[in-house]
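> Requesting a structural model of the entry that follows:
(chains A, B, C and D)
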4 protein chains.
Amino acid sequence: DRPFVLIAGPCQIESRDHALEVARALADISRRTGVPVIYKSSYDKANRTSASAARGIGMAAGLQILADVRAATGLPVLTDVHTAEQCAPVAEVVDVLQIPAFLCRQTDLLLAAGETGRAINVKKGQFLAPWDMANVAAKIAGTGNHNILLCERGVSFGYNTLVSDFRALPIMARTGYPVVFDATHSVQQPGGQGTSSGGQREFAPVLARAALAVGVAAVFIETHPDPDHAPSDGPNMIPLRAMEALVSRLAAFDGLAKQAD
Amino acid sequence: DRPFVLIAGPCQIESRDHALEVARALADISRRTGVPVIYKSSYDKANRTSASAARGIGMAAGLQILADVRAATGLPVLTDVHTAEQCAPVAEVVDVLQIPAFLCRQTDLLLAAGETGRAINVKKGQFLAPWDMANVAAKIAGTGNHNILLCERGVSFGYNTLVSDFRALPIMARTGYPVVFDATHSVQQPGGQGTSSGGQREFAPVLARAALAVGVAAVFIETHPDPDHAPSDGPNMIPLRAMEALVSRLAAFDGLAKQAD
Amino acid sequence: DRPFVLIAGPCQIESRDHALEVARALADISRRTGVPVIYKSSYDKANRTSASAARGIGMAAGLQILADVRAATGLPVLTDVHTAEQCAPVAEVVDVLQIPAFLCRQTDLLLAAGETGRAINVKKGQFLAPWDMANVAAKIAGTGNHNILLCERGVSFGYNTLVSDFRALPIMARTGYPVVFDATHSVQQPGGQGTSSGGQREFAPVLARAALAVGVAAVFIETHPDPDHAPSDGPNMIPLRAMEALVSRLAAFDGLAKQAD
Amino acid sequence: DRPFVLIAGPCQIESRDHALEVARALADISRRTGVPVIYKSSYDKANRTSASAARGIGMAAGLQILADVRAATGLPVLTDVHTAEQCAPVAEVVDVLQIPAFLCRQTDLLLAAGETGRAINVKKGQFLAPWDMANVAAKIAGTGNHNILLCERGVSFGYNTLVSDFRALPIMARTGYPVVFDATHSVQQPGGQGTSSGGQREFAPVLARAALAVGVAAVFIETHPDPDHAPSDGPNMIPLRAMEALVSRLAAFDGLAKQAD
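Numbering: from 1, shown residues only, chains lettered A, B, ... in the order given. Predicted coordinates:
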C-alpha cells in the first residue's frame, strides 16, 4: 500500500538531448509532486505495424543514453527487451527490464530476463486472460527472481480496438506481485491507421484515474514534448507540459484508494 | 458536477415488508452519508434466462409497494418497464422509468416512456457502442422529454461475459445527459450458470470506484439483506449490511473527481 | 438431413406490387432450383438505429400483403413479431413467426408466439452464447409447441461489428431443433453508419456457403431488386437478379454436406 | 484455383520413429486421396502456457528428423521458427518456415525468414485484424521473397476463447497471397485448463469444411496417433486413423468451391 510509482517517458529514445530534456522535466515533476518516477524509453520498436516505420536508435546508442539519463537525473530507468540475448547487456544499464505484450509467453525471453536479477515488468498480452499471468510470472519466478511487475495494457476487443478490463487489476494482484496499469497503450488502436496504430490520447488520464481508484502499484504513461510529431505512439502520448497537473491529480486518487478501508 | 446519486435496492420486489426493510436501511444510509438515494426494484423479470425462474410479484402489487416505499421513506423510486402499455400506469407511481438493456432499441417503448414526462434511465444494450446511445436518447428527446439518463451496464465480451469499458462514460456524457454506471449488472455473467446468470459480486465495488473516479452522475448498485437467497441476481448483489461503508468510500472518490481540475 | 430451405425476401414490405414482384421471382427460383422458399418480409422495423428511419407499412396493411403473396405464389410466409399482442393476429396469416434477436429473451413474447401453434424462428441475440438458446427454446416448448427454429445471425465482436461463430450451428443443433443461418444480418455492421447500420453484402454468399458446408436446415438471405435504394438493410441485401445463381451454388454445397459421411 | 494442400502432422516432434510413423501414414493418405500433403511438426514449443510443460526435442535433433521424414516419404516439411537466428539453419532442411501467431509482428524474425528464400507461412496473431496482415506480408516481401502464405488461426473473443471469422479468408486473399486455414488452433481454448490450453477437437472438421467452402489454398490440421496422450495440443488434434475420411470429405468441398462459378 505504498504510494504509486509513475513509469513515464517518450515511447522511443530519439536522441541524447531529447531524452535528457524529458527526463529532467519528469525528475522535476517527481520532486514537486512526491511521486517516484521510473524513466521509460525504447531503443528499438521491434514490432511496428509496417516495415517502413522508424525502428529506433539501436541498442548500443540507446543504452548509453539511458545510462546518461540515470546519471544526470538519478531516475531509475526501464526499457524493453525483445530477445533472450539482449537481456544481459540491457540489465547492466537499466533498473527494470520490460517484456513486450506480444512476447509475454516466450519462455526463453522470460527466463533470460529473470536470470539477470533485475526487476521485470511483463506486459499482459492482448490475447491473454488476467488469471493466465500467474503462469507467466511463474516462468520468471522459476529463475529465483521474484522482482516481477504485471502490467495491464488492454485486451483485444474486436478488430483494431482494445478494452481495459479493470477486473484484471485485482485478479493479477492475487499473484502477490505489484500490478501496473499502462494508460498509454490501453488507448491504442492497433493498426487503426492502416500502416500505423491510432490512439485516443484523451482517454489515457481517464483510465489512469480509474486504475488508481481500483488500486495499483504503478501507472505507465508515455509522454512527449510534441506527441503529434513523435515517431511512434504519438496519437496516445500525453504532452509533457500536461504531465504535472495529471500526476498531481493521480496522486490524490492514489492516496484516497490506499487509505485504510 | 453535483454529488453522485445512488440508485439502489433489491433486484426484485419480494414483498411489502422486504421492500420497506431495504428502503428504510437505504434512507438511513442516505441521511448518514449525505448521498441522495433513488430506490430501485422490479415488479417483473421479463427476460429471465429460463422460463422456470421466478418472474416477480406483478405490476399492480409491485406499484402499490413502490408507492408505499415512497410514502414511508420519502425516497424517489425507479422501476423498469417492458412494454409501451406499462409506461403510463408505472409513471403514475414512480419517479424514474428504466428501459432494460435488451429493449434499448425498441422505438415504441422509448417513445411511450418519453411521453410520460418522467425521468428515463436507459440501460445501454450489451450489443451497443457507447456513441450509438445518442440515437437512443434522440428517440426519447423527440417526445419533448429531455429528462434522460444513460446507463453503462457492460458490453458483450465473448460468451457469458461482459466487460466494462470506462471510455463509454465520457463518450456517453458528450450527449449532455447524465451518465449512470450500473456496477451490479456489469459484473453479471449472463447465462453463466446454465439456467441462470452468474456474477462476480467482489468486483462491483471495484468497478464502482473506477466509475466515480472517471466521473458519473449516478451509480446503480443492487443490494439485498441476504443475496445468496435472493430470487435473482444474487451472485452480484451487495449485502445490505456492507452498503454504508461502500457508499461512504464511493462518496470520497466522487468528491475528489468533482474537485475543480 | 433434408435439403435446405431458403428464407428470403426484402427486409421491409414496401408495397403490394413490390412484395409480389419479389415473391414471384423467388417462386420461380424455387421451381428452377428445387430449393423450397419461405417468403420473408417485415411490416414494422421496431428497433431502427434512429427514430427518423422508416418504420414500415404497419401490421394491418402488411399482413394483407403477406396473405396476397401467399395466395398468389403458394409460398409460405414469415414475418417478425415485436409484442405478445401481435402474435395471434399475425399467426392467422403467416406460416412462421419470427422473434427478433434483441427480443429473444422476452418471456411473454416467446410464450405468446408459442401458443399460436405456428412455427417459430428465434434469432439468437447478439449478446447470447449458442448453448443458451436451449433455455430460449425451452420457454417456447413449454407451451407445447415444438415447431421451433433456432437462427444464428452473428454475435457482438467489439463495437459496431458482428462475427459469425460457426461452432454455434452444431451447438444449437444439439437441442434437436432445426438450425437456420442468417447470412444477411451476420454481415451487418450495427450502427456503423452513425444513424443507420452498415453492412458487407459481399460476405453474405461466402458465409452462406460456409454454413451449408457445416450443415444447416435453412439459410436466411434478404434480397431486393435495388438494394442500394432499399429503406433498410440495403448495405447487406443481395440483388434479386443475383439470387438464382447463388441459390444453385448453395444447393450444391448443401447436397454435398448431407451426403452420408 | 488449384486443389487445396493439407498441412498436417503431430504438434511436436516426439521421436524419429513417431515422426516417420505419422509421415508415412500421411503420405499414404496423400496418395490415396490425391491431396498434396506438407508435413508439419515443431522441434520447440517456445511459448507454452506454463514453464513446466514439455518444450520439445530441440532444433538440432528436430531438424535431423525432419530431414529424415523428407527423405523417407518425399513429403515437403514445415516447421516454426522463433528467433531470427534460427531461420537460416532451419531453411537448410525445411521447405516452409512458419511464423508463430504471437510473433507475427516481430520485424527481425519476418525479415530473417524472408531472406532465406523459403516459403513462409505466417500465422495471423490472435490480436490482429485480417486487413493488417497486408503489412505483415509487406515486411517479408520487402526482402524480395514473395513466397508467402497467410494463415487464419482464430482471433481473441473474450478470455480463453478464439473465434474463426471466415470473412478473414477473402480479406487476406486480397493481398494476392495464398490463404491457409488452421483448423486445429482455431478450436484451441488458450490457457483454458489452468496451466495448459484446452481445445474442442470436435469442431476442427466442421470449421475445415467451412473454410474449404469459402475457398482456401491450404488447410492446417494437426494429427496424432493418440491425441489424448500427446505432449501438447492433444485436446484439439485429430486422431490419425480419422484423417483419411476427413481429407476425402474436405477434398469434395474444395472441388465444389473451385468449380467455375
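> Residue numbers of chain A in contact with chain C?
For chain A, the contact set with chain C under Cβ under 8 Å from any Cβ of the partner chain comprises A:157-159, A:161. (Each C-beta comes from the backbone N, C-alpha and C, glycine too.)
> What is the nearest of those residues to chain B?
Minimum distance to chain B across those is 6.8 Å, recorded for residue A:157 (Cβ to the nearest Cβ).
> hang on, the earlier thing: what about the residues of chain A next to chain C, which one has the most neighbours?
Within the residues of chain A next to chain C, residue A:157 tops the neighbour count with 26 neighbours, counted by other Cβ atoms under 10 Å in any protein chain shown.
> can I assume that residue is in contact with residue A:165?
No. Using Cβ atoms under 8 Å, residue A:157 is not in contact with residue A:165; the gap is 9.0 Å.
> Which two of the residues of chain A next to chain C have the greatest separation?
Spatially, the most separated pair among these is A:157 and A:159, at 8.9 Å (Cβ to Cβ).
> list residues touching both of these two?
Common contacts of residue A:157 and residue A:159 (Cβ atoms under 8 Å, 6 or more residues apart in numbering or on different chains): residue C:158.
> Quick check: residue A:146 vs residue B:145, distance?
Residue A:146 sits 59 Å away from residue B:145, going by Cβ to Cβ, to the nearest Å.
> Looking at those two, which one has more neighbours?
Set side by side, residue A:146 and residue B:145 show more neighbours around residue B:145, with 18 against 13, by other Cβ under 10 Å.
> Next, show the common contact partners of residue A:157 and residue A:165.
B:157, B:163.
> ok, which residues in chain A are in contact with chain B?
Within chain A, the residues that sit near chain B (Cβ under 8 Å from any Cβ) are A:155, A:157, A:163-167, A:169-170, A:187, A:200, A:202-203, A:206-207, A:209-214, A:245, A:249, A:252-253, A:256-257, A:259, A:261.
> tell me which element the closest residue to chain C within the stretch 151-261 of chain A falls in.
Going by Cβ to the nearest Cβ, chain C is nearest to residue A:158 of the stretch 151-261 of chain A, at 1.5 Å. Following DSSP states H and E, one finds residue A:158 outside all helices and strands.
> Next up, the contacts around the nearest residue to it once chain neighbours are set aside.
Once flanking residues are discounted, residue A:158 sits nearest to residue C:158: 1.5 Å by Cβ to Cβ, 6 or more residues apart in numbering or on different chains. Applying Cβ under 8 Å, 6+ apart, we find residue C:158 in contact with A:157-159, A:161.
> what do you get if the cut-off is 10 Å, keeping everything else the same?
Taking Cβ atoms under 10 Å, 6 or more residues apart in numbering or on different chains, we find residue C:158 in contact with A:156-163, B:129, B:155-157, D:157.
> same deal with residue A:18?
A:10, A:12, A:41, A:65, A:224-225, A:230.
> With residue A:226 instead?
Going by Cβ under 10 Å, 6+ apart, residue A:226 touches A:10, A:234, A:237, A:239-241.
> doesn't residue B:200 make contact with residue A:165?
No. Using Cβ atoms under 10 Å, residue A:165 is not in contact with residue B:200, being 11.6 Å away.
> Out of the residues of chain A next to chain C, flag the one nearest to chain D.
For those, the nearest to chain D is residue A:159 (3.7 Å; Cβ to the nearest Cβ).
> ok, now which ones touch that closest one?
Residue A:159 neighbours (Cβ under 10 Å, 6+ apart): A:189-192, C:157-158, C:161, C:163, D:127-132, D:155, D:165, D:168.
> Please point out which parts of the longest helix seen in chain A sit buried.
Determined from DSSP state H, the single longest helix within chain A is helix A:16-33. Buried residues in helix A:16-33, counted by 16 or more other Cβ atoms under 10 Å in any protein chain shown: A:18-19, A:22-23, A:25-27, A:29-30, A:33.
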